[in-house]
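Undergrad: Below: sequence and its predicted model.
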Amino acid sequence: MIEHLDTESFKEKVFNYEESKEWSYKGDKPCVIDFYADWCAPCKTLVPTLEELAEEYDGKVNIYKIDTEKERELSEVFGIQSIPTLLFVPVEGMPQMARGALPKDAFVKAFEEVFKIDAPAN
């Protein structure tokens, strides 16, 4: 399931940047955060891929979306200048950012390399 986050739920589930300047992920599973806007065509092309990944990696990876038009503060905190921008957040370690509408195989590769999660058997 894909969950939309606002600033408050982001601080609760991912990282409270007001309490700490040093990155500390609050989740118990790795996550992908999609910074998007409703008017963005490449963002729209990413939706089916994210939905597939949410289903295939259910219980292993959380997938969040943040509307850059509504959550300008979050966009500024992460320096989002182009959309879609994806933030890959491992349980331990620093998040990694990717820009653009990635193909599904790029997500699978990132899940393996960044999150150390093997692709589900089909």
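TA: Thanks, I have the structure now.
Undergrad: element containing the residue sitting nearest the centre point of the chain, please.
TA: Closest to where the C-alpha atoms of the chain average out (Cα atoms, centre = their mean) is I33, at 1.4 Å. According to DSSP states H and E, I33 maps onto strand 31-36.
Undergrad: List the buried residues of the helix or strand just after that strand.
TA: Later in the chain than strand 31-36, the nearest helix or strand by DSSP H and E is helix 41-56. Neighbour-count burial for helix 41-56 flags 43, 46, 49-50, 53-54, 56 (criterion: 16 or more other Cβ atoms under 10 Å). All C-beta atoms are positioned from the backbone trio N, CA, C, and that covers glycine.
Undergrad: How about stretch 23-40?
TA: By neighbour count with 16+ other Cβ under 10 Å, stretch 23-40 contains the buried residues 25, 30-36, 40.
Undergrad: Equivalent analysis for stretch 93-100, please.
TA: Buried-residue list, stretch 93-100, by 16+ other Cβ under 10 Å: P95.
Undergrad: Can you give me the separation between N62 and L53?
TA: Distance, N62 to L53, using Cβ to Cβ, to the nearest Å: 11 Å.
Undergrad: cool, E12 as well?
TA: According to Cβ to Cβ, E12 stands 23 Å off from L53.
Undergrad: what helices or strands is the worst-scoring helix or strand of the chain on mean pLDDT leaning on?
TA: Least confident helix or strand of the chain, by mean pLDDT, DSSP states H and E, is helix 72-77 with a mean of 93. Counting contacts by 3 or more Cβ pairs under 8 Å, 6 or more residues apart in numbering; DSSP states H and E, helix 72-77 is packed against helix 7-13.
Undergrad: ok, the closest residue to N62 other than its chain neighbours - contacts?
TA: Once flanking residues are discounted, N62 sits nearest to C31: 4.0 Å by Cβ to Cβ, 6 or more residues apart in numbering. Counting by Cβ atoms under 8 Å, 6 or more residues apart in numbering, C31 makes contact with 14, 61-64, 89.
Undergrad: Touching, L5 and D67? I think so.
TA: No - here L5 lies out of contact with D67, judged by Cβ atoms under 8 Å, at a distance of 9.0 Å.
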